[in-house]
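# What follows is a predicted protein model with its sequence.
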Amino acid sequence: MTHPAPAFETRAIHHGYVAADHRRSVQTPVYLNATYGYDSVAENDAEAALGGRLYAREYNPTTEVLEQRLANLEGAEAGLVVASGMAAFGTMVLSLLSQGDQLIVHQTLYSNTVAMVEQALPRFGIEVVPVDLSRPEALAAAITERTRLVFFETPVNPLARILDISAIAEVAHAHGVMVAVDSTFASPALQRPLALGADLVMHSLTKYICGHGDALGGAILGEKATLHRLHETGLRYITGAALSPLSAFLILRGLKTLSLRMERHSDNALAVARALEAHPAVDWVSYPFLDTHPDAALARRQMTRGSGMLAFGLKAGFEGARQMLDRLQLITRAVSLGDAESLIMHPASLTRARQSLREDAHLATGVGDELLRLSVGLEAADDLIFDLRQALDTL
Ligand SMILES: *Cc1c(COP(=O)(O)O)cnc(C)c1O
């Protein structure tokens, strides 16, 4: 009897690790070394000629297991892990784009990606064109002969709108342009952009994949040839954004329970979204698996569940949002997402505070003053709903 190919849950625990190669340790050992010693000069030369395992910025056995496992879970040929999600985005754009090239991005993006595309890339002669990618015809109109890459998130931070990966990839590929998707909000447990036509997937491993808020990390997964450009000749070596082996270990540990956690995050978020929608102080709720979500049908085609991210606005607006946040007793006021703890943030308050440092700090396109972003954690849904209600009831 031939065994069927192992399922996602099984591969998330086992893929890419052979205990016999590591003195039978059941857990992936943490290799804390900066360099590798060889028995002879000839051996050292041979390794260097192969593109070499000479130094820990280039190669580490612990991070290699994480790379192979993530690539497998995304259905990719190869993967690269780096120090953070921003390091992954930086490595990708600085390796694949050059002076004079054009990068098309969705008009709404994670705030630090906005800073990178607005403040950094133009200084290096890379033109960034924001487009509303919910209209693929707008993409066709924006592409020029200098366009190299289309980049977007789905679900989109912070509104949890959904973009159609297949439709965008079809337009981009018709013009010979590559497509990269930041799939951080979904994780490979809920969505596989490569199977839908994307060329590259990017993750902030800091979020759901690690899942416990105790390590930073980033990943890029895709075809071997592209990953070779990023990995062997690309900017990890040059910028030095290597992932710590200890962080790789923590992320591998989190990854084992990814499917279980994403199920509970999604169930909790749907229950919380419904409770918020029913509260008289709430003006609107955006959660991809709510029937009232504008992209609900697309979300159900593209994702197996809705994930744990939702956004909502109060009738009492900006000030109401601040008052409500201060009344919460269980849900933590914090940026980041994907942890066991529920985390809530008010982007407009943070942006106003940042304006004292940088006058040009601004909210991403499509994000209102009233918007609250909630990362629904793994606590009991009833406890989360109770906390939200007691904070809303007095508004
Ligand atoms: C957090 C985040 C990033 C950046 O990742 P870091 O690990 O914090 O550098 C990029 N994209 C999205 C959607 C994120 O949520």
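Received, thanks.

# I'd like to know how far residue 4 sits from residue 384.
Separation of residue 4 from residue 384 (C-beta to C-beta, to the nearest Å): 38 Å. All C-beta spots, glycine's among them, are computed from the backbone N, C-alpha and C.

# Now the closest residue to the ligand within the stretch 51-200 of the chain. Nearest residue, chain neighbours left out?
For the stretch 51-200 of the chain and the ligand, the shortest gap (C-beta to the nearest ligand atom) falls at residue 85, measuring 2.1 Å. Distance criterion C-beta to C-beta, 6 or more residues apart in numbering; nearest residue to residue 85, sequence neighbours excluded, is residue 204 at 2.7 Å.

# List the beta-bridge partners for that neighbour.
residue 218 (DSSP bridges).

# how deep is it tucked in, by neighbour count?
Applying other C-beta atoms under 10 Å, we find 27 residues neighbouring residue 204.

# Which residues are in contact with the residue positioned nearest the centre of the chain?
For the chain, the residue nearest the mean C-alpha position is residue 184 (2.1 Å; C-alpha atoms, centre = their mean). By C-beta atoms under 8 Å, 6 or more residues apart in numbering, the contact list for residue 184 reads 85, 110, 153, 157, 202, 203, 204, 207, 208, 338.

# Quick check: the residue of the stretch 51-200 of the chain closest to the ligand touching residue 209?
No - when contacts are counted by C-beta atoms under 8 Å, residue 85 is not listed as touching residue 209 (10.1 Å).

# Need the overlap of contacts for those two.
Applying C-beta under 8 Å, 6+ apart, one finds that residue 85 and residue 209 are jointly contacted by 203, 217.

# and those two? which has more neighbours close in?
Neighbour totals were compared for residue 85 and residue 209, and residue 209 leads with 28 against 23 (other C-beta under 10 Å).

# Quickly note the distance from the more buried one to residue 219.
8 Å.

# shared neighbours of these two, which are they?
Joint contacts of residue 209 and residue 219 (C-beta under 8 Å, 6+ apart) are 70, 203.

# so who does residue 32 touch?
Counting by C-beta under 8 Å, 6+ apart, residue 32 touches 245, 246.

# repeat that for 6 Å
For residue 32, the contact set (C-beta atoms under 6 Å, 6 or more residues apart in numbering) comprises residue 245.

# cool, and the one 10 residues further on?
Counting by C-beta under 6 Å, 6+ apart, residue 42 makes contact with nothing.

# Now do the buried residues in the host helix or strand of it.
Residue 42 is part of helix 41-49 when elements are defined by DSSP states H and E. Of all the residues in helix 41-49, not one is buried under the rule 16 or more other C-beta atoms under 10 Å.

# Using PDB, write out every CA atom in that helix.
What follows is helix 41-49, C-alpha atoms only, in PDB (Å, rounded to 0.1, in the frame of the first residue of the first chain):
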ATOM      1  CA  VAL A  41      42.500  23.900   2.500                       C
ATOM      2  CA  ALA A  42      41.300  21.800  -0.400                       C
ATOM      3  CA  GLU A  43      38.000  21.000   1.300                       C
ATOM      4  CA  ASN A  44      37.500  24.700   2.200                       C
ATOM      5  CA  ASP A  45      38.200  25.600  -1.500                       C
ATOM      6  CA  ALA A  46      35.700  23.000  -2.700                       C
ATOM      7  CA  GLU A  47      33.000  24.400  -0.400                       C
ATOM      8  CA  ALA A  48      33.700  28.000  -1.600                       C
ATOM      9  CA  ALA A  49      33.600  26.900  -5.200                       C
END
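
# Start at 2, not 1
With the count now opening at 2, the last piece we talked about shows up as helix 42-50.

# Is residue 254 part of a helix or strand, or is it coil?
helix (DSSP: H, G, I helix; E, B strand; the rest coil).

# typed the wrong thing, it's residue 150
strand.

# is it true that it touches residue 182?
No - taking C-beta atoms under 6 Å as the definition, residue 150 is not a contact partner of residue 182, at 11.2 Å.

# And those two? Which one has more around it.
residue 182 (27 against 21).

# who's that one bridged to?
On the basis of DSSP bridges, residue 182 is bridged to residue 153, residue 202.

# What are the boundaries of the strands in the stretch 52-201 of the chain?
79-83, 103-107, 128-132, 148-154, 179-183, 201-205 (DSSP state E, counting those that start in this stretch).
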